[in-house]
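A.B. asks: sequence and computational prediction follow.
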Amino acid sequence: MNLKSFIGRFTRAVGVRLTLGLFFVSALMVAMVSVVVKIHVDHYVKMITEATQNHLMAAAQSAAQYVSAEELDRYHTIEDTKNHSYRELKMRLIQFAQEYNVLYVYYLREYDKDNFQYIIDNDFNPETIVGPGTILPIEDIARSALAGNITATSLGVHNTSWDGIAGFAPVYDRDGNFYCAAGVDIGDKVILDQRRYSRIMTLLQIIALSVSVLFGILNSLLYRRKAKEIEDAHVKLQYFNNNMRHAFSTYLSEDVVEEVISDPARMQLGGVNRHMTALFSDIKGFTGIAEKLTPTHLVDLLNHYLSTMSDIILEQKGTIDKYQGDAIVSFFGAPLELDDHAMRACTAGIMMKRIENDVNRYVMDNGISPSPLLTRIGINTGEMVVGNMGTQKKMNYTIISNAVNLASRLEGVNKQYGTWVLASEITLKETKGKLLTRRLDRVRVVGIDEAVCLHEILELKADASDDLFEKVYLFNKAMDLYEARNWKDAHDAFNQVIKLFPNDWTSHVYLDRCRQYMDNPPGPDWDGIINLTEK
């Protein structure tokens, strides 16, 4: 073998080994890239799937509030759909679908034990439109919706012959009874495409062994293109999410809205025990005011008053429990825990009294109310059970406990002392001396055996005037004499407060009581506790 022949064979052998080495290295690199791509795609699919289902349930809850049960109850037969109102309602649903970025919005109710009936949808296409004439067997997802559950179809068992996924929420009548289910559909093309491309990329790992470099580039380009589509879909879902947040913020505090959007399952039944503060408010003599108003003026008055006062509560991160006519029931410390819930509740009470002048100026100048609106407020802190209570078909995010009842009673006690904002001693202890208050009686309110020390909240110390500080100082000196059973000196001390502050009706209450005790002193076992007989 000559040198030239040896060099030729050696060169060919090295070339073959280098080619095979490069082929396997490039194939390994493409396989690794493909695995990474598949992991990322699967992650995006999972993320969009979960976000989509959450948004669907939130959109369905908004649709359930969009049309009333009484309005839907007009349509039971195909003849009913010929009414002009039916077409107007469909146009409203078209607008809803556009605003909330959904394909379809519709309502369905139970027809008999085995079938359900569509009521109306936002579709005008003769091939896909549904209405009272469309009666279908009840499947699992429809059965859950017609049971009053907030739910969404599962992509894990999704039927690819249908180009949407659905969410459902219950619609209640004005008495709070379940009437039908509201449904919304959104397109799932992006999600299904991701699954298909994920399978394609897995197949590419095998093909890449023979054409590694070419398919490596193709894989990279395909990943980039699909990642861009996923990002675009995420932007659309974020827009949808913002619309849901706007819709729910009409009824709930921002913190509650965020919990519903992030996890609609929280809207199921259940409660937790938590140390919180409750605030009850009511308008003095509102029944007499309401009797002098037309229904239209009464609604205008309540809407303005409740909106203004509720905004203050929400600004302090309180949660509106319910409205009972002119009364507001609210609480601080749920759903998100607040270390300063007592201070926030007391601050809200002070701010509500401050803004009364603006409210009364508006309602009087516009002729909405025959007399000013004066708000009484009761605040108490303690252990409370908070959560969704009721049934699956009718529930309320609310609070219950003896501490809640006491807050309600304190609101009513204001009328007996001529005060506006009363709080319990436990509440005052948690405000860390930031409030200007005055101590009143220890009382037993109706329905609660344990005596509680009353405190009237007057102002934030940082904002209180010198006159208000003087008023509190003189009143507290009079209270010391009163509690020491020194009726004559206490009488003179309260009288001094009245001379300087004639409109202090609380001092008038104690002045009259001192006169009674001067004529008929209480027995030696008198402990100063007042047993109240009115709520």
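C.D. replies: Ah, there it is.
A.B. asks: any buried residues in the longest strand seen in the chain, and which?
C.D. replies: If each strand of the chain is counted by residues according to DSSP state E, the longest one is strand 375-390. Buried positions in strand 375-390, judged by neighbour count with 16 or more other C-beta atoms under 10 Å: 375-382, 384-387, 389. All C-beta spots, glycine's among them, are computed from the backbone N, C-alpha and C.
A.B. asks: excluding sequence neighbours, find me the nearest residue to Y107.
C.D. replies: Residue nearest to Y107 in three dimensions, not counting chain neighbours: I119, with 4.3 Å by C-beta to C-beta, 6 or more residues apart in numbering.
A.B. asks: for the helix or strand harbouring V509, packing partners?
C.D. replies: With elements delineated by DSSP states H and E, V509 resides in helix 505-519, which encompasses its position. If contacts are counted by 3 or more C-beta pairs under 8 Å, 6 or more residues apart in numbering; DSSP states H and E, helix 505-519 sits against helix 402-417, helix 466-483, helix 487-500.
A.B. asks: comparing the ones you listed, which comes out most buried?
C.D. replies: Ranked by mean neighbour count under mean count of other C-beta atoms under 10 Å, the helices and strands packed on helix 505-519 are led by helix 402-417, which reaches a mean of 21.
A.B. asks: can you list the strands that the very next helix or strand once past that one pairs with?
C.D. replies: As assigned by DSSP H and E, the chain's next helix or strand after helix 402-417 is strand 421-424. Under the criterion DSSP bridges, strand 421-424 sits next to strand 375-390 (parallel), strand 452-460 (antiparallel) in its sheet.
A.B. asks: for V272, find the nearest of those.
C.D. replies: Smallest distance to V272 across the strands paired with strand 421-424 (C-beta to C-beta): 5.9 Å, for strand 375-390.
A.B. asks: can you verify my assumption that D326 contacts K284?
C.D. replies: No: in this structure D326 lies outside contact range of K284 using C-beta atoms under 8 Å: 9.7 Å.
A.B. asks: ok, those two, which is more surrounded?
C.D. replies: When D326 and K284 are compared on other C-beta atoms under 10 Å, the one with more neighbours turns out to be D326, at 21 against 16.
A.B. asks: secondary structure class for the residue nearest to Y107?
C.D. replies: Classification of I119 using DSSP: H, G, I helix; E, B strand; the rest coil returns strand.
A.B. asks: that one is in contact with Y179, isn't it?
C.D. replies: No: contact between I119 and Y179 fails when scored by C-beta under 8 Å: they sit 9.9 Å apart.
A.B. asks: between those two, which has more neighbouring residues?
C.D. replies: Between I119 and Y179, counted using other C-beta under 10 Å, I119 has the larger neighbour count: 29 against 22.
A.B. asks: so where's this protein shaky on pLDDT?
C.D. replies: Along the chain, the parts satisfying pLDDT under 70 run over 1-46, 48-49, 154-164, 187-270, 391-395, 535.
A.B. asks: domain map for it?
C.D. replies: Here the domain parsing of the chain from automatic domain parsing is 60-190, 269-463, 465-535.
A.B. asks: export those domains to CSV and tack on distance to Q53?
C.D. replies: What follows is these, written out as CSV (distance: least, C-beta to C-beta, whole Å):
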stretch, distance to Q53
domain 60-190, 4
domain 269-463, 19
domain 465-535, 46
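A.B. asks: what are the buried residues along stretch 114-124?
C.D. replies: By neighbour count with 16+ other C-beta under 10 Å, stretch 114-124 contains the buried residues F116, Q117, Y118, I119, I120, D121, N122, D123.
A.B. asks: what residues does that stretch touch?
C.D. replies: Outside stretch 114-124, the residues that touch it by C-beta atoms under 8 Å, 6 or more residues apart in numbering are 72, 75, 81, 86, 89-90, 93-94, 96-97, 104-111, 129-132, 134-138, 142, 146, 180.
A.B. asks: recalculate using a threshold of 6 Å.
C.D. replies: Identification of contacts with stretch 114-124 by C-beta atoms under 6 Å, 6 or more residues apart in numbering yields 72, 75, 93-94, 97, 104-111, 129-131, 134-135, 137-138, 142.
A.B. asks: kindly export that stretch (C-alpha atoms) in CSV.
C.D. replies: Below are the C-alpha coordinates for stretch 114-124, written out as CSV (Å, rounded to 0.1, in the frame of the first residue of the first chain):
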residue,chain,number,x,y,z
ASP,A,114,-85.0,14.4,30.6
ASN,A,115,-84.9,17.5,28.4
PHE,A,116,-84.0,21.2,28.5
GLN,A,117,-85.4,24.0,26.4
TYR,A,118,-83.4,26.9,24.9
ILE,A,119,-85.1,30.3,25.6
ILE,A,120,-83.1,32.7,23.4
ASP,A,121,-79.6,33.3,22.1
ASN,A,122,-77.7,36.1,20.2
ASP,A,123,-77.7,34.2,16.9
PHE,A,124,-79.7,35.0,13.7
